[in-house]
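> Fold the following for me, if possible:
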Amino acid sequence: GNLPYIAPEVLRLDRFTPKADIYSLGMLMYEILTGFPPFHDRVHDCHLAIDIVSGIRPTIPPDLPDTLKYLMEQCWDNNPEARPTSAKL
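Numbers count the residues shown, from 1 in each chain. Sure thing, here's the model as predicted:
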């Protein structure tokens, strides 16, 4: 996979569920809404992986609608259980 789209639990080698795909969807939303891939301004290396696992996420532009910001933030929550289900989306 492409590092910015990989869920933190996958990077930690924890057990993962379909919620890892919800994380990836949140990152894809970011790219679609901003026109830039997540972490486009960073080297995709072990330092980025550590930051992702620590909860660092791309900066959301302030001009995006709040509902979309909220949805992205839910999708890329560090806790997989806090992410919405595909049915809820």
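
> SS state for D21?
For D21, the assignment made with DSSP: H, G, I helix; E, B strand; the rest coil gives helix.

> Let me know how buried it is, in neighbour terms.
Neighbour count of D21, defined by other Cβ atoms under 10 Å: 15. Quick note: C-beta positions are derived from backbone N, CA and C, even for glycine.

> what's in contact with stretch 47-55?
The set of residues external to stretch 47-55 that reach it, using Cβ atoms under 8 Å, 6 or more residues apart in numbering, is 3-4, 6, 8, 11-12, 39, 42, 78.

> Show me how far stretch 77-89 is from its chain's centre.
11 Å (Cα atoms, centre = their mean, to the nearest Å).

> what's the average pLDDT for that stretch?
The average pLDDT for stretch 77-89 rounds to 96.

> buried ones in that stretch?
Using 16 or more other Cβ atoms under 10 Å as the test for burial, stretch 77-89 gives 77-78, 80, 83.

> Just to be careful, could you list which of the residues you listed are in strands?
Among the buried residues of stretch 77-89, no member is found in strands (DSSP state E).

> Among the residues you listed, which one lies nearest to L25?
Comparing the buried residues of stretch 77-89 against L25 with Cβ to Cβ places R83 closest, at 9.2 Å.

> my guess is R15 meets E9, correct?
Yes: R15 is within contact range of E9, at 7.4 Å (criterion: Cβ atoms under 8 Å).

> okay, those two: which has more neighbours?
Higher neighbour count among R15 and E9: E9, with 18 against 8, using other Cβ under 10 Å.

> give the contact list for that one.
Counting by Cβ under 8 Å, 6+ apart, E9 has contacts 15-16, 20, 80.
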